[in-house]
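Asker: Let me see the structure of the following:
(chains A, B, C and D)
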2 protein chains.
Amino acid sequence: MAMSSGRRIPEATVARLPEYLRLLTETLDAGISNVSSDELADMAGVNAAKVRKDLSYLGTYGVRGVGYEVEYLIYQVRRELGLDHDWPVVIVGAGNLGQALAGYGGFRSRGYPVAGIVDIDPAKVGTMLGDIEVRSVDELGDIVASGAVSIGVVATSAISAQDAADKLVAAGVTSILNFAPVLLNVPPTVTVRKVDLAVELQILSYYEQRRAEPPASHHARRSGTAS
Amino acid sequence: MAMSSGRRIPEATVARLPEYLRLLTETLDAGISNVSSDELADMAGVNAAKVRKDLSYLGTYGVRGVGYEVEYLIYQVRRELGLDHDWPVVIVGAGNLGQALAGYGGFRSRGYPVAGIVDIDPAKVGTMLGDIEVRSVDELGDIVASGAVSIGVVATSAISAQDAADKLVAAGVTSILNFAPVLLNVPPTVTVRKVDLAVELQILSYYEQRRAEPPASHHARRSGTAS
DNA sequence: GCCGGCTTGTGAACGCATGCACGAGCGGAA
DNA sequence: TTCCGCTCGTGCATGCGTTCACAAGCCGGC
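Answerer: Numbering: from 1, shown residues only, chains lettered A, B, ... in the order given. Model prediction:
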C-alpha cells in the first residue's frame, strides 16, 4: 500500500531521518548515485531493516534488486522534513551559548539561517556577532513577523528561560528549542524540544561509574556509535 | 524485592534521573523537605507512576502515605549517577562551540569541571577562555592523566571530529560527548553520546511543517513540556 | 488501640519500536 | 524469452517502556 506522501511517521523515525539525510548528502558528494539499505545502515550504525522501514514511511522510492537513487531520496527526505525552504530562527540570549549558536555555520548551511539574536541586557544590544547584530528583546515581535520566523531558540540562563519562552510565544513563534535546564511552560499549540548539555554528561558519567566498580558491565547506546 | 543499590537501570530511566535530580535540588532550595511522586511528576511533566517506578530502581526510599524525603532522595540519586565526586572533562576544539562550553558555568556547578581545552590551531593555543588556557592538542595525554579525566567533549568541525576522537581515545578517555555531525568510530570500550543541534531543529521543522499544511495534526513530545 | 486517608511499590496490560525472515519484483545475462 | 541473483517492502514475533490500578503500609486523629 504505497502511501505516497504518507502521514503519521513514528517519532523515532522522524528523529533518524535527519541523520539519513546527512549521510545521503555525503554519499552524493562522494559521487555515488545509488545506495542500498545495507550500506546506508552501515553508515548510520543501525539495522538495515530499520532503514528500509523508516524510508518506507515516506513512500516507495526504492527499487528491488538495486537500492535507492541517492539524489531522489535526498529530495524526498528533505521534502518530508519540510526542508524545501529555509526555516529562519531567532535566538534569545547572547551569552556564551547564544553567541556560539549565532556563529555556528552548521545552522545556516542546513537550512536554518539566524534571523536575529536578542538579549535583555542593554550593554549587549548593538554589539556584533559575526555579521549579526544583537538586538533588543523588545524587537522580537518585529524580527519574527518580518522574517517569517516560526522557530525560537532559548539560550538564556535557567532563571530567564521562562520569560524568554513567553516572549517568543507572544511574538508568534510556534516551535522552541530550549537549552536552559528548566521545563518550559507553553501553550499546547507550541512544540518544545529541550537539550540539556549537563544531562548528557550525567548519563555518560553514570555508565562511566558503572563500568569501573560493579560485577557485570554493559554499554550505552542512543544515537549512534559504530564499532 | 528491595534491591538496595539495584543494578541494571533501564536507559530511559537513567536519562530521566538527572532531570529529577535538578527538580529535587530546586525543591530543597525552596525549603521543602518532602515531596510526593505526584508533585515530582507534575514538575517533570511526566506520569506519577513513571516517577515511582524510576525511583524504585534505586531502592525503596519512599514512605507510603508520606512521600520521599527530598534531601535523602537527592543523596541517593546523586550516588546512583556517580555524582559523589566530580568528573573533570576535557574539550577538544576551541571554536565557537568549544569556547561556549568552556565558559558555560553549568558544567562546573553540576560536577563537570573543565580540566582543559585543546585545539590543533597553533594560533589559538595560549589564548585564554575565561580562566582556562587553550593548550595544544599534543598535551591531551598529560591533561587526561594528570587530571584523572575520563570524559572528552568533541567540539570540532565534522571533518576533524574523528581525529579528535582518536586522540581522546589514545589519551585514555573512555566516554565521549560528540557535538560534531558525524558518527564516531571508537573501540567498543568507549561510550559515545551524540548531540546534533541541527537535528533538533530538523525535528522541530518537521512538526512545524506538518502543522501548517495537512488534514489532521498532532504534537511532538520527547523530553518534557508541560501544558 | 483502632480507623481512615493518603501515597508508595509493583503486577499486569497495553502500545510502540526493533529485528527477523521471506515473498515480491527488478535488472541483467544467456 | 527465461532464469538467476539481488534488494526492497512488510507481516510477525519479540522486547522494552509506559500506564493503569490496586494491595501494602504508614501517619495522624480520636
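
Asker: How is chain A divided into domains?
Answerer: Per automatic domain parsing, the structural domains of chain A span A:11-80, A:89-199.

Asker: How about the contacts made by the closest residue in space to A:G130 that isn't next to it in sequence?
Answerer: Spatial nearest neighbour of A:G130, excluding adjacent residues (C-beta to C-beta, 6 or more residues apart in numbering or on different chains): A:G103 at 5.2 Å. No exception for glycine: its C-beta is placed from N, CA and C like everyone else's. The contact partners of A:G103, taken as C-beta atoms under 8 Å, 6 or more residues apart in numbering or on different chains, are A:L129, A:G130, B:N96.

Asker: ditto for A:E69
Answerer: Contacts of A:E69 (C-beta under 8 Å, 6+ apart): A:S33, A:N34, A:Y61, A:V63.

Asker: Those residues: which two are farthest apart?
Answerer: Among the contacts of A:E69, the pair separated by the greatest distance (C-beta to C-beta) is A:S33 and A:Y61, at 14.0 Å.

Asker: Between the contacts of A:G103, identify the one with the most neighbours.
Answerer: B:N96 (21 neighbours; other C-beta atoms under 10 Å in any protein chain shown).

Asker: so that one makes contact with A:A100?
Answerer: Yes: counting by C-beta atoms under 8 Å, A:A100 is a contact partner of B:N96 at 4.2 Å.

Asker: starting at the chain centroid, how far to the one helix or strand in chain A whose mean pLDDT sits lowest?
Answerer: Least confident helix or strand, chain A: helix A:105-109 with a mean of 87, by mean pLDDT, DSSP states H and E. Distance of helix A:105-109 from the chain centroid (C-alpha atoms, centre = their mean, to the nearest Å) equals 11 Å.

Asker: Just after that helix, pick out the following helix or strand.
Answerer: For helix A:105-109, the succeeding helix or strand toward the C-terminus, using DSSP states H and E, is strand A:114-119.

Asker: List the strands paired with that following strand, with their directions.
Answerer: In the sheet, strand A:114-119 lines up against strand A:89-92 (parallel), strand A:132-136 (parallel) (DSSP bridges).

Asker: quick one, which of the ones you listed is nearest to B:V153?
Answerer: Of all the strands paired with strand A:114-119, strand A:89-92 sits nearest to B:V153, with 21.6 Å by C-beta to C-beta.

Asker: Which residues does that closest one contact?
Answerer: Residues outside strand A:89-92 that contact it (C-beta under 8 Å, 6+ apart): A:98, A:101-102, A:107, A:112-119, A:137, A:140, A:143-144, A:147, A:149, A:151-156, A:164, A:167-168, A:171, A:173, A:177, B:201.

Asker: Past that strand, which element shows up next along the chain?
Answerer: helix A:96-103.

Asker: tell me the angle that next one makes with helix B:96-103.
Answerer: Going by axes from the mean of the first three to the mean of the last three C-alpha atoms, to 10 degrees, helix A:96-103 is angled at 180 degrees with respect to helix B:96-103.
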